[in-house]
Every structure is written in structure tokens, then in C-alpha cells.
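> Quick one: sequence and predicted model below, then my questions.
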Amino acid sequence: MREKFWKKLEDNDRNFMWFYKHYIKDKIIVDVAYNTLYQQAKGEILKSMDDGLDVAIKKYLEEK
């Protein structure tokens, strides 16, 4: 899922900050800070994801 997420962001010429502002901030409750969400989305250091981040990524991937 992470690979598809980052590929779609790249294909749409978007970055994680854009994703955060449009899909998470003031829309989904998350229990961690932005930097932690970014690390979780990258999966390089933190393999597990906050439930809110998981929901937001799935929603983003479902949209055309």
C-alpha cells in the first residue's frame, strides 16, 4: 500500500504535506505528530501506521 501511495503522490505531482493538509488535518483524528505520520507513511523507521493515517491513505488511493 505504501508503494502505491507514494507512486500516486508522485504521479499527481503532490507531496506528503499536501496529502496531510487535504486528507488528515482537521478531518481525521490522529494520535501522533506530523513528522511521525511521515515516517510511518515512508515505512523506513516505523513500520506500523496510526489508524487515522491508514484510513486517509486508503481514501486517497480509492479516488481517481
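Cool, got the structure.
> Need the nearest residue in space to the residue most central in space within the chain, chain neighbours excluded.
The centroid of the chain falls nearest to residue 57 when counting by Cα atoms, centre = their mean (4.9 Å). Counting by Cβ to Cβ, 6 or more residues apart in numbering, residue 57 lies nearest to residue 5, which is 5.0 Å off, once chain neighbours are set aside. In this view, the C-beta of every residue, glycine as well, is placed from N, C-alpha and C.
> Give me the contacts around stretch 41-59.
With contacts defined as Cβ atoms under 8 Å, 6 or more residues apart in numbering, stretch 41-59 is touched by 1-2, 5-6, 16, 19, 23-24, 27-32, 36-37, 39-40.
> ok, now which ones touch residue 36?
Contacts for residue 36 (Cβ under 8 Å, 6+ apart) come out as 46, 50.
> check which helix or strand covers it.
Residue 36 is located in helix 34-42, with elements delineated by DSSP states H and E.
> now the helices: where do they sit in the protein?
Counting by DSSP state H, residue ranges of the helices within the chain are 2-11, 16-19, 34-42, 51-62.
> quick one: buried residues of the last one?
It stands for helix 51-62. 52-53, 55-57, 60 (16 or more other Cβ atoms under 10 Å).
> and residue 32, how far is that from residue 15?
Distance, residue 32 to residue 15, by Cβ to Cβ, to the nearest Å: 19 Å.
> The two: which is more packed in?
Between residue 32 and residue 15, counting by other Cβ atoms under 10 Å, residue 32 is the more crowded of the two (15 against 10).
> Quick check, pLDDT for the closest residue to the more buried one other than its chain neighbours.
Leaving aside its chain neighbours, residue 32 sits nearest to residue 50 (5.3 Å; criterion: Cβ to Cβ, 6+ apart). In this model, residue 50 is scored at 93, pLDDT.
> So residue 50 versus residue 12, what's the distance?
Taking Cβ to Cβ, one finds residue 50 at 23 Å from residue 12.
> Among these two, which residue is more densely surrounded?
Legend: neighbour count by other Cβ under 10 Å for residue 50 and residue 12, higher for residue 50 (19 against 11).
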